[in-house]
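# Sequence and predicted structure, then a few things I'm wondering about:
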Amino acid sequence: MEILNNNSVYSKLTKRKRSRRIKSDLRLFCEGIIMIFIGSNLILFLNSIPDKFIWNEFANEAMSNLINGVFQLIDALIKIGTATSVGFLIFFSLFLIIAGSIRLLRVFSKSRLFHIRKNRDNNFFNTK
(Lines give C-alpha, C1' and ligand atoms only; values in the text may rest on other atoms or scores of the structure.)
Protein backbone atom coordinates (compact mmCIF):
# COMPACT_ATOMS: atom_id res chain seq x y z
CA MET A 1 0.00 0.00 0.00
CA GLU A 2 1.45 3.29 -1.05
CA ILE A 3 1.63 6.13 1.43
CA LEU A 4 0.16 9.35 0.11
CA ASN A 5 2.73 12.08 -0.35
CA ASN A 6 2.89 15.43 -2.09
CA ASN A 7 3.25 13.80 -5.49
CA SER A 8 0.27 11.50 -5.10
CA VAL A 9 -2.95 11.73 -7.03
CA TYR A 10 -4.91 12.59 -3.89
CA SER A 11 -2.95 15.73 -3.19
CA LYS A 12 -3.26 16.80 -6.81
CA LEU A 13 -7.03 16.40 -6.64
CA THR A 14 -7.38 18.42 -3.46
CA LYS A 15 -5.10 21.23 -4.61
CA ARG A 16 -6.80 21.65 -7.96
CA LYS A 17 -8.76 24.89 -8.10
CA ARG A 18 -12.26 24.81 -9.42
CA SER A 19 -12.62 26.92 -12.44
CA ARG A 20 -15.42 29.40 -12.10
CA ARG A 21 -17.96 29.31 -14.81
CA ILE A 22 -17.90 32.64 -16.57
CA LYS A 23 -21.30 34.28 -16.69
CA SER A 24 -22.47 35.34 -20.07
CA ASP A 25 -22.96 39.01 -20.87
CA LEU A 26 -26.68 38.49 -21.41
CA ARG A 27 -27.10 36.96 -17.94
CA LEU A 28 -25.14 39.78 -16.31
CA PHE A 29 -27.25 42.34 -18.18
CA CYS A 30 -30.53 40.67 -17.07
CA GLU A 31 -29.38 40.47 -13.45
CA GLY A 32 -28.40 44.13 -13.46
CA ILE A 33 -31.74 45.25 -14.95
CA ILE A 34 -33.71 43.17 -12.41
CA MET A 35 -31.69 44.56 -9.47
CA ILE A 36 -32.17 48.16 -10.63
CA PHE A 37 -35.91 47.58 -11.16
CA ILE A 38 -36.42 46.09 -7.68
CA GLY A 39 -34.34 48.80 -5.99
CA SER A 40 -36.21 51.63 -7.69
CA ASN A 41 -39.59 50.08 -6.84
CA LEU A 42 -38.58 49.83 -3.18
CA ILE A 43 -37.64 53.51 -3.15
CA LEU A 44 -40.99 54.43 -4.78
CA PHE A 45 -42.82 52.34 -2.17
CA LEU A 46 -41.04 54.08 0.70
CA ASN A 47 -41.89 57.49 -0.80
CA SER A 48 -45.56 56.53 -1.11
CA ILE A 49 -45.89 56.02 2.66
CA PRO A 50 -47.74 59.03 4.10
CA ASP A 51 -45.87 61.44 6.34
CA LYS A 52 -48.37 60.94 9.14
CA PHE A 53 -47.62 57.25 9.25
CA ILE A 54 -46.51 56.51 12.78
CA TRP A 55 -44.01 53.67 12.90
CA ASN A 56 -44.38 53.11 16.67
CA GLU A 57 -48.11 52.64 16.36
CA PHE A 58 -47.65 50.32 13.40
CA ALA A 59 -45.01 48.27 15.24
CA ASN A 60 -47.14 48.03 18.40
CA GLU A 61 -50.18 46.91 16.43
CA ALA A 62 -48.15 44.38 14.47
CA MET A 63 -46.61 42.97 17.65
CA SER A 64 -49.99 42.74 19.39
CA ASN A 65 -51.46 40.94 16.37
CA LEU A 66 -48.49 38.60 16.31
CA ILE A 67 -48.79 37.85 20.03
CA ASN A 68 -52.54 37.25 19.70
CA GLY A 69 -51.88 34.89 16.81
CA VAL A 70 -49.33 32.95 18.84
CA PHE A 71 -51.75 32.69 21.77
CA GLN A 72 -54.49 31.44 19.45
CA LEU A 73 -52.09 28.87 18.00
CA ILE A 74 -51.11 27.66 21.47
CA ASP A 75 -54.76 27.49 22.51
CA ALA A 76 -55.64 25.45 19.42
CA LEU A 77 -52.73 23.08 20.03
CA ILE A 78 -53.85 22.60 23.64
CA LYS A 79 -57.39 21.81 22.49
CA ILE A 80 -56.10 19.32 19.93
CA GLY A 81 -53.91 17.74 22.61
CA THR A 82 -56.78 17.41 25.07
CA ALA A 83 -59.07 15.92 22.43
CA THR A 84 -56.37 13.45 21.42
CA SER A 85 -55.62 12.47 25.02
CA VAL A 86 -59.33 11.99 25.80
CA GLY A 87 -59.73 9.84 22.71
CA PHE A 88 -56.68 7.79 23.68
CA LEU A 89 -57.98 7.34 27.22
CA ILE A 90 -61.38 6.17 25.93
CA PHE A 91 -59.71 3.70 23.57
CA PHE A 92 -57.36 2.46 26.29
CA SER A 93 -60.18 2.05 28.83
CA LEU A 94 -62.29 0.07 26.35
CA PHE A 95 -59.28 -2.10 25.56
CA LEU A 96 -58.69 -2.77 29.28
CA ILE A 97 -62.38 -3.57 29.91
CA ILE A 98 -62.56 -5.98 26.98
CA ALA A 99 -59.22 -7.64 27.82
CA GLY A 100 -60.17 -7.97 31.50
CA SER A 101 -63.54 -9.45 30.60
CA ILE A 102 -61.91 -12.01 28.33
CA ARG A 103 -59.45 -13.01 31.06
CA LEU A 104 -62.24 -13.36 33.61
CA LEU A 105 -64.25 -15.47 31.18
CA ARG A 106 -61.23 -17.73 30.69
CA VAL A 107 -60.76 -18.12 34.42
CA PHE A 108 -64.43 -18.87 35.06
CA SER A 109 -64.70 -21.24 32.11
CA LYS A 110 -61.58 -23.18 33.18
CA SER A 111 -62.67 -23.44 36.78
CA ARG A 112 -66.21 -24.51 35.85
CA LEU A 113 -64.99 -27.12 33.36
CA PHE A 114 -62.46 -28.34 35.88
CA HIS A 115 -65.15 -28.86 38.52
CA ILE A 116 -67.48 -30.55 36.03
CA ARG A 117 -64.72 -32.90 34.85
CA LYS A 118 -63.67 -33.59 38.43
CA ASN A 119 -67.25 -34.43 39.40
CA ARG A 120 -67.69 -36.63 36.34
CA ASP A 121 -64.45 -38.45 37.09
CA ASN A 122 -65.42 -39.01 40.73
CA ASN A 123 -68.87 -40.28 39.74
CA PHE A 124 -67.33 -42.50 37.13
CA PHE A 125 -64.97 -44.12 39.60
CA ASN A 126 -67.65 -44.45 42.28
CA THR A 127 -70.10 -46.27 40.03
CA LYS A 128 -67.65 -49.03 39.18
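All right, it came through fine. Numbers count the residues shown, from 1 in each chain.

# if I look at the residue sitting nearest the centre point of the chain, how far off is Glu31?
The central residue of the chain, meaning the one whose C-alpha is nearest the mean C-alpha position (C-alpha atoms, centre = their mean), is Leu77 at 13.2 Å. Using C-beta to C-beta, to the nearest Å, we find Leu77 at a distance of 43 Å from Glu31. All C-beta spots, glycine's among them, are computed from the backbone N, C-alpha and C.

# about what we covered before: may I have the secondary structure class of the residue nearest to the centre of the chain?
Here Leu77 is recorded as helix under DSSP: H, G, I helix; E, B strand; the rest coil.

# per-residue confidence for it?
For Leu77, the pLDDT comes out at 97.

# can you pull the pLDDT of Arg27?
87.

# likewise the one 3 residues further on?
The pLDDT attached to Cys30 in the predicted structure is 90.

# neighbours of it, just the number please.
When neighbours are counted by other C-beta atoms under 10 Å, Cys30 registers 11.

# and it, what does it touch?
Applying C-beta atoms under 8 Å, 6 or more residues apart in numbering to Cys30 gives no contacts.

# Which element, helix or strand, includes it?
Here Cys30 is covered by helix 25-48, with elements defined by DSSP states H and E.

# Ok, Asn56 next?
Element membership of Asn56 [criterion: DSSP H and E] is helix 55-127.

# now for that helix, which elements pack on it?
Secondary structure elements in contact with helix 55-127, counted by 3 or more C-beta pairs under 8 Å, 6 or more residues apart in numbering; DSSP states H and E, are absent; no helix or strand qualifies.

# Centre of the chain to it, how far?
24 Å (C-alpha atoms, centre = their mean, to the nearest Å).

# Begin at 693, not 1, for the rest of this chat.
Will do, 693 is the new start, and the previous item becomes helix 747-819.

# so where's this protein uncertain?
Using pLDDT under 70 as the threshold, the predicted model of the chain has low-confidence ranges 693-711, 744-745, 804-820.

# go again using 80 as the cut-off
With pLDDT under 80 as the threshold, the chain has low-confidence stretches at 693-715, 741-747, 802-820.

# can you count the residues close to Ile735?
Summarising burial for Ile735: neighbours were counted as other C-beta under 10 Å, giving 10.
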